[in-house]
Every structure is written in structure tokens, then in C-alpha cells.
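Asks: Provided below for reference: sequence and predicted model.
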Amino acid sequence: MAPRSKSTPVRRGSAAVAWAVLCLAWLAASDGRVLPEPRPTDAPATEFSAQRALAVLERLIPEGEPHPVGSPAHARVLERLLAELRAIGLEAEVQDALVAGRNGVVTRVRNVVARIPGRASGPAIALAAHHDSVAAGPGASDDGAGVAALVECARALMSGQPLEHPLVLLVTDGEEVDLSGACAFVREHPLAREVRAVVNLEARGTGGLAYLFQTGPGAGPALQRFAQLAPRPATTSTAAFVYALLPNDTDLSVFLDAGWTGLNFAFIDGFQRYHTRLDDVVNLDGRSLQHMGDGALAGVRALDGIDLVQPHAERGERVWHDLLGRWVIGWSSGWSAPLAFGALVLLGLATVRRRARLRGEPRGGPLAQPENLVRAAGAALLGLAAAGLAVWGATAIQVLIHGVPDPWAAYPGRWDAACVLLAAAAAFGAARVPAVRGADPRSAFLAIWIGVALVGCSLALFEPSICPLFVVPAVVAAAAAWTGLPSQTSVVFHAAVLAPVVIAALIWFPFLRGVELALGFRAAFVPGLMAGFVAGTAVPLLARAAHTPVRIAAILAGLAWIWLGFTPAYTKSSPGWCNVAHVQSDGDARWCVQSFGTSSPLQGVELDERASSPLPWAPFPRAGFQGGAPRHAEPPPTAEVVDVASTGADRRVRVRLASPRGATTFLLGFPVDRVEVHAIRSGALQVVGELPSRSPLVFVGIDAAGVEIELTIRGGPAFPFELADVRSGLPQLTPDVRAQRPENRVPRSSGDVSVWATKFAFARD
């Protein structure tokens with residue numbers, strides 16, 4: 001029997017070392033997500049106090065009721081907001097406008113605008129949030145937290161030395177309806193011509209870090225100042241790339257289109273309560289509000305320190321990533337490619353240098369054997385593929401078990417641990433496959449990081465915002481490679497291998513969590529690949545490791561995923577959504593239930609799944625589970641002809657739409673090739689600028705005066721117009737379907753609605 005190698009204990013301990021380092025990196029990354037404690041009401045006047053901001057929020061929405069555009073609660077919140085601004089010494093104005101938003105929805109909005117003078121005249125900075133909520137929830141986080149933070153930031157700024165630039169406080173309306181308030185401000189308000197930069201405050205959840213997730217053009221210098229001023233900066237240029245994949249949008253999109261630059265902040269934890277009745281003051285994390293306020297103050301002061309007159313293109317762009325929520329590493333975009341290619345060149349030179357030193361060994365040494373580099377590269381790729389496929393497959397099975405596309409919603413922390421555990425076990429297990437098992441650790445190290453550097457080079461050329469995820473660890477790996485990579489039995493070797501692994505983990509683990517919150521595990525392969533990437537970088541320590549640690553990891557991962565199979569997808573505090581619409585037309589009435597899942601969550605209500613919407617011409621309610629419903633006695637919407645004038649075969653018509661039952665949303669459908677819209681009015685207000693030419697026309701926030709439309713009907717066969725009004729809530733009917741909704745499902749966004757659809761036609765002269 002051959003004597004046991006002295007290096008065997010080190011090799012057998014490599015898996016344990018790798019697991020320990022990854023776990024420590026995960027804990028360190030989690031510590032970087034720790035939120036600051038809310039400052040008390042007696043905090044220094046020039047600082048942001050979450051307790052003071054929470055008091056403002058409680059006064060704005062004391063009843064905790066939804067306040068969508070046009071509702072009585074909306075008007076009450078508006079008056080309370082004006083009172084809060086007066087209390088800190090500001091007289092604000094209300095911009096009342098009828099505006100067509102980015103997608104043509106016509107909305108009656110009431111923006112609140114105030115101005116704080118700066119030490120000098122010239123371009124202004126805006127601090128923005130929105131005061132409307134969705135119909136399904138009180139909007140304490142989205143965006144009551146932003147409004148309260150804006151008021152508290154304004155008070156803090158007025159308590160200290162004035163800013164260099166004027167500050168415009170902009171509380172928009174109708175953000176939840178096509179970004180309408182922001183559109184009205186940039187198109188019509190005189191102060192919009194002064195503003196060159198904005199800090200926008202948003203939320204897509206009820207807690208978590210307030211990420212700086214989007215910046216405008218030329219914000220590089222402001223970003224550098226923000227990193228110095230913010231107590232706990234949480235930001236990455238990669239977030240903007242992920243944000244672009246989402247269906248969500250914010251007012252900043254309108255401001256960027258207007259030529260401004262800016263900084264966009266939002267927290268996204270607690271997304272299960274987003275746009276539901278659980279988005280209330282009780283569920284709002286005061287620590288998140290503190291973090292948002294600190295970031296907003298730092299953002300305003302950072303923008304105040306740059307030259308806003310200078311064109312965006314001349315101020316420069318940056319790529320960046322925070323490290324443990326305490327520091328921000330970054331560089332000018334122009335340095336991305338040189339850094340990436342520099343890391344690649346250094347790794348290549350280290351490989352050549354290592355091969356030259358080993359020429360005296362038998363067969364030229366392990367690094368001199370091309371098959372070792374190929375085998376090492378294969379080990380890394382196999383580990384990455386195994387991790388991605390394992391997490392994707394396990395998640396797909398969970399979706400089938402639970403019957404919903406997001407079975408992780410109630411317990412995301414458990415899913416985080418299970419995904420990382422499974423991805424790491426799969427990547428480590430792939431290193432034990434006989435085809436790649438014999439890979440030399442030093443060859444594996446160089447092969448893996450040369451591959452990472454190549455990815456970084458590609459991203460630096462085509463998508464620089466993502467390249468820090470790859471370039472930073474690759475640069476550290478290049479530096480480690482120049483230690484000479486001594487024998488794998490030495491402490492120096494382990495330190496050299498682990499240094500870039502730790503950096504990768506510290507950068508990637510928080511980002512993995514953010515991707516999960518933003519995209520969900522409907523994109524399960526993405527976090528799987530991320531966890532596999534981090535685990536795969538530790539493959540050099542496992543090239544000759546024992547099977548036992550990998551087997552233990554696989555068993556633990558399997559148990560974790562079996563446990564998740566018995567974990568409920570939704571709970572009362574982390575519910576799924578279920579919206580019910582009562583759609584009544586001239587012919588019949590139907591229930592329309594929209595929900596996540598493979599079956600209707602309503603119990604005791606006979607429904608069937610249909611492919612078409614009950615109103616094919618309308619954008620909502622969308623197709624879902626439908627069934628017959630009793631009719632109610634509420635009156636239908638009306639179309640009153642105010643004036644008709646004929647010009648040959650065409651007719652010029654003015655018609656007023658109104659809702660006797662008090663609905664504030666209208667839909668008007670018609671053939672777009674036969675109708676041309678000339679004017680839209682509501683009371684004394686008229687839409688200015690480009691009029692929507694879509695069908696149906698959608699009107700939101702319309703009061704009892706209704707909405708008046710002037711249009712031309714071109715000659716040809718007569719046709720009916722389709723008209724519907726939409727009112728929040730369901731009519732009083734028996735049975736009450738709301739009682740059939742389980743407690744772990746709640747209305748979301750537009751919530752439960754009552755739709756009355758009818759038709760009308762214009763009589764010929």
C-alpha cells in the first residue's frame with residue numbers, strides 16, 4: 001500500500017474550508033443589509049428623523065384608507081399634505097391639470113409644488129414623490145413613505161445652511177395612473193424649465209434597504225459625492241439593468257425624457273404587501289424610512305455640489321457597486337474595458353509565467369499540460385450548469401406542487417438558503433465528476449478566472465453597467481495569481497484562491513437577493529446561475545477533495561427543498577393576490593376573477609376558465625376565471641350629445657360622459673379609423689398637447705361634472721360606441737363573493753371593481 005500523502009488532510013479539508021468561507025461571506029453580505037435604527041423625534045434638526053417622518057405619515061393617512069386619484073380620500077390627503085408643508089414654513093401651490101400620460105390615459109391630477117430658494121439663482125434641483133395610492137391599499141409605503149420623507153428632508157434642509165441651488169419640492173399625483181402628474185408638471189408648469197436634476201423617492205414593498213437603483217445621464221460626479229455623504233450607501237449600476245426588465249416604471253422616466261438627470265431611490269422588501277391593504281403604517285419598516293431619508297438628503301446635497309449648467313455628456317458616466325453597504329467602489333465608464341482587459345492580460349501572463357517556472361518538472365509540470373487547463377475549464381462550466389439546472393428544476397417542481405408561480409413569496413429567506421445550498425452542492429458535486437476530477441487546482445484557478453475576465457471584457461464593451469460583478473473579482477484574482485500559486489498544501493495557496501472568491505461572494509450575494517426581490521423565481525435560473533458562479537469559483541479547492549462534504553451538502557439541500565414542499569406559498573401576512581370584478585353589460589352580468597394559480601381561490605362560487613375577456617375592447621378586466629353573476633340596480637353611464645354639426649359625410653360631435661353612480665373612471669371604445677379626437681375637457685380644464693388616438697380612450701379621476709369629448713365621425717356605415725364606467729369596490733349583492741376569498745388572498749393594485757358597460761350611437765341628421 002502506498003504511503004498516505006502529507007497533503008491529503010489539507011485536500012480533504014478543502015471542501016470544509018470552501019463551505020466555511022462561503023457561509024462567512026454570506027453572513028458578511030447579510031450584515032451589509034442591516035438597516036439603521038430610526039432616529040428619534042429629538043434628533044438634531046439638520047438630520048433626518050424617521051420618527052418625525054412617521055408622525056407626518058400618520059397625520060396624512062390616519063384612517064389608513066386607499067386614496068386613488070379622484071376619490072374623496074384623495075382630496076383629504078391633498079389638504080393634509082398642504083397643511084404639513086405650511087407647518088414647516090412653506091406655502092405650496094396645487095397644479096390642477098387634465099393630462100394625457102405616457103400611454104394616453106387622460107387623468108385629472110393635482111400636483112403639489114413648493115420652492116425653497118438657494119444661495120444662488122440658476123438651475124434647480126427637485127425632490128419628488130407621489131401622493132396618490134392604488135385603489136386596493138392605503139399606500140403607506142408606496143408612496144406615503146416617500147412623501148413623508150420629502151417633508152422631513154425639506155424641514156432638515158431649511159434648518160441648516162441653504163443649498164447652492166434652488167430646491168423644488170414636487171409631490172406628483174397620478175403616478176399610479178400612467179405617470180400622469182409628472183407628465184403634467186414637465187409639460188405645463190413654469191418651474192419645470194428651471195429644474196435640471198431630481199431625487200425621486202419610491203417603494204415597491206414595505207421594507208428593506210432604500211436602493212439607489214437608477215441614475216440619469218451625467219450623474220457620475222453626483223454619484224461620487226453621494227458615496228461620500230450617505231451613511232450606508234446601497235447601490236449598484238447593475239440595478240438599472242435589472243430594473244429595465246421589470247414592467248414597473250416611476251416618475252423619473254418622465255423627468256429623464258424631459259432632459260433632467262437624477263437619482264432614483266426605492267425599497268423593495270416586503271413586496272408581498274405591495275399594492276395591497278397591508279401596505280399600511282403598521283407594516284412599514286421605520287428603519288427603511290430612515291435609510292430612505294438619509295439617502296435622499298445625501299442625494300440632494302450630492303446634486304447640489306455639481307455643475308448643473310454643464311451638459312450631461314461632459315459630466316461623465318460611471319459604473320459602481322456598494323460593498324457591504326458601507327463603501328462604493330466604482331470608476332469612470334471609460335475605464336471598464338481597460339480594467340477588464342488588464343485583468344485578462346495579467347491572468348494570461350501569470351499562466352505563462354507559471355508554465356515557464358515548471359518546465360523543469362516531469363512532462364513540464366501540471367500547468368504545462370494543455371489538457372489540465374481544458375479539464376479545469378470544464379469543471380467550472382459543469383459546476384455552473386449543474387447549479388443553474390438544479391435550482392431551476394427544483395423551483396419548477398415547487399411551482400407544480402404549490403400550483404402558483406411564486407411559491408417562495410411567504411418565506412423568501414428559506415428559499416434564499418435552500419437555493420444557495422443546492423447551487424453550491426451542485427457546483428461542488430460537479431467537481432467530483434470523473435471527467436474533470438483530476439484537474440490540477442492551480443490550473444482550475446487560472447481557467448476559472450480567465451473565463452470570468454473574458455465575461456467582464458464582453459460586458460465592458462456591450463453592457464458596462466453589469467461589468468463590476470465580474471471585473472472586480474477578476475482584478476483581485478489577477479493580483480492573487482501573481483503570488484506564484486505555490487503548492488496547494490500551503491496557506492498562501494488557500495489565501496490566493498479564496499481572496500477573489502470572497503470578493504465575488506460579497507458582491508454577488510446581496511445582488512442575488514435583490515434580483516430575487518425584483519424578478520422572483522419565475523426567473524429561477526438567474527439566482528441559480530449566480531449562486532453557482534460564486535460556488536464554482538471555489539472549485540480549485542475541491543479538485544481533489546473527498547466526497548463526504550459534498551454528500552452532506554446534497555443531503556441538506558434535499559431536505560431543505562422537501563421542507564419547502566410543505567411550506568405554504570401564501571400566508572395571512574404574506575398573501576397572494578386575487579381581484580374580483582363584477583362586469584354588468586346591457587345583456588348580462590359576470591364575475592371575473594384574476595389571480596395567480598392554476599385554479600380559482602374563491603370557494604363556493606361556480607366559475608369556469610375562459611380565454612376571452614368579458615369586454616374584449618377594453619384593457620381590463622383581463623381574462624380569468626369567470627361565471628354568471630346577479631345584476632345590480634345601479635344606473636349605467638350616460639353619453640349626452642352636447643352638439644352635432646355635419647360637414648358632408650362627416651359629423652363633428654361633442655359628447656359628455658357621466659356616471660350617475662359616482663364612478664371616476666371611464667372607457668370609450670370606437671373604430672380608430674373612423675374617429676378623430678379634437679379636444680377633451682372636464683369642467684374648466686382641457687387636455688393640452690398631443691391628444692390620445694387610441695381606443696378605448698381611458699379617463700381617470702373624473703368628478704361629477706363628467707368629461708366632454710369633441711370628435712369627428714367620418715362617413716360610412718353607422719356603428720355603436722362602447723362605453724363603460726369603473727367604480728372601486730363591488731356592488732351589494734347576494735351572495736357576497738368577498739366572503740368566499742381565503743384570508744391568504746387579498747385584492748391588489750386596482751383591486752375589486754364594478755364595471756357597467758353599455759353602448760350608444762349617434763342618430764343621423
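Replies: Sure thing, it's come through. Note that the coordinates shown come from a computational prediction; the quantities given were computed from them, not determined experimentally.

Asks: per-residue pLDDT, Ala479?
Replies: Listed pLDDT for Ala479 reads 89.

Asks: so it lies in a helix, does it not?
Replies: Yes - the assignment for Ala479 (DSSP: H, G, I helix; E, B strand; the rest coil) places it in a helix.

Asks: contact partners for it?
Replies: Applying Cβ atoms under 8 Å, 6 or more residues apart in numbering to Ala479 gives the contacts 346, 499. C-betas here are computed from N, CA, C, even on glycine.

Asks: for His130, see how far away it is.
Replies: Ala479 is 47 Å from His130, where distance means Cβ to Cβ, to the nearest Å.

Asks: please name the residues that touch the residue nearest to Thr638 when sequence neighbours are not counted.
Replies: Excluding its sequence neighbours, the residue lying closest to Thr638 (Cβ to Cβ, 6 or more residues apart in numbering) is Ala658, at 5.2 Å. Neighbour list for Ala658: 637-638, 640, 704-706 [criterion: Cβ under 8 Å, 6+ apart].

Asks: among the residues you listed, which ones are buried?
Replies: Burial by neighbour count, 16 or more other Cβ atoms under 10 Å: within the contacts of Ala658 this picks out 637-638, 706.

Asks: now for His67: which residues touch it?
Replies: The contact partners of His67, by Cβ under 8 Å, 6+ apart, come to 61, 73-74, 76-77, 131-133, 138-139.

Asks: and it, what pLDDT?
Replies: On the pLDDT scale, His67 gets 97.

Asks: skip the chain neighbours and tell me the closest residue to it.
Replies: What sits nearest to His67 in space, not counting adjacent residues and going by Cβ to Cβ, 6+ apart, is Ala73, at 3.9 Å.

Asks: residues of the helix or strand where the one you found lies that come out buried?
Replies: Using DSSP states H and E, Ala73 falls within helix 72-87. By neighbour count with 16+ other Cβ under 10 Å, helix 72-87 contains the buried residues 74, 76-78, 81-82, 84-85.

Asks: repeat for stretch 574-594
Replies: Neighbour-count burial for stretch 574-594 flags 574-585, 589-594 (criterion: 16+ other Cβ under 10 Å).

Asks: just to revisit the earlier point, could you dump the contacts of Ala658 into TSV with pLDDT and secondary structure added?
Replies: What follows is the contacts of Ala658, written out as TSV (pLDDT from 0 to 100; DSSP: H, G, I helix; E, B strand; the rest coil):
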residue	pLDDT	secondary structure
Pro637	96	coil
Thr638	95	strand
Glu640	92	strand
Ala704	88	coil
Ala705	87	coil
Gly706	93	coil
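
Asks: just the residues you listed now: which is nearest Glu743?
Replies: Checking these against Glu743 with Cβ to Cβ, the nearest one is Pro637 at 34.4 Å.

Asks: the spatially closest residue to that closest one that is not a sequence neighbour and Arg86, how far apart?
Replies: Leaving aside its chain neighbours, Pro637 sits nearest to Asp725 (4.0 Å; criterion: Cβ to Cβ, 6+ apart). Using Cβ to Cβ, Asp725 is found at 36 Å from Arg86.

Asks: got it, and Cys419?
Replies: For Cys419 relative to Arg86 (Cβ to Cβ), the value is 50 Å.

Asks: specify the local secondary structure of Ala182.
Replies: At Ala182, secondary structure determined by three-state DSSP is helix.

Asks: what about it, neighbour count?
Replies: Around Ala182 there are 32 other residues, counting by other Cβ atoms under 10 Å.

Asks: go on, Phe341?
Replies: Using other Cβ under 10 Å, Phe341 has 17 other residues around it.

Asks: what are the buried residues along whichever strand or helix holds it?
Replies: Using DSSP H and E, Phe341 sits in helix 336-357. Neighbour-count burial for helix 336-357, counted by 16+ other Cβ under 10 Å, picks out 336-337, 339-344, 346-347, 350-351, 354-355.

Asks: which one among these gets closest to Gly729?
Replies: Nearest to Gly729 among the buried residues of helix 336-357 is Ser336, at 52.3 Å by Cβ to Cβ.

Asks: tally of neighbours for the residue lying closest to that closest one once chain neighbours are set aside?
Replies: Among residues not flanking Ser336 along the chain, Ala460 sits closest, at 3.9 Å (Cβ to Cβ, 6+ apart). Per other Cβ under 10 Å, the neighbour tally for Ala460 reads 24.

Asks: give the rounded mean pLDDT of the host helix or strand of Ala460.
Replies: Taking DSSP H and E as the criterion, Ala460 maps to helix 441-462. Mean per-residue pLDDT for helix 441-462: 85.

Asks: and if you look at stretch 333-346?
Replies: Computed over stretch 333-346, the average pLDDT equals 91.

Asks: helix, strand or coil for Ile125?
Replies: From three-state DSSP, the assignment for Ile125 is strand.

Asks: what about it, neighbour count?
Replies: As a burial measure, Ile125 scores 29 neighbours (other Cβ under 10 Å).

Asks: and if you look at the one 10 residues further on?
Replies: When neighbours are counted by other Cβ under 10 Å, Ala135 registers 23.

Asks: next one: Ala546, what pLDDT does it get?
Replies: pLDDT, Ala546: 54.
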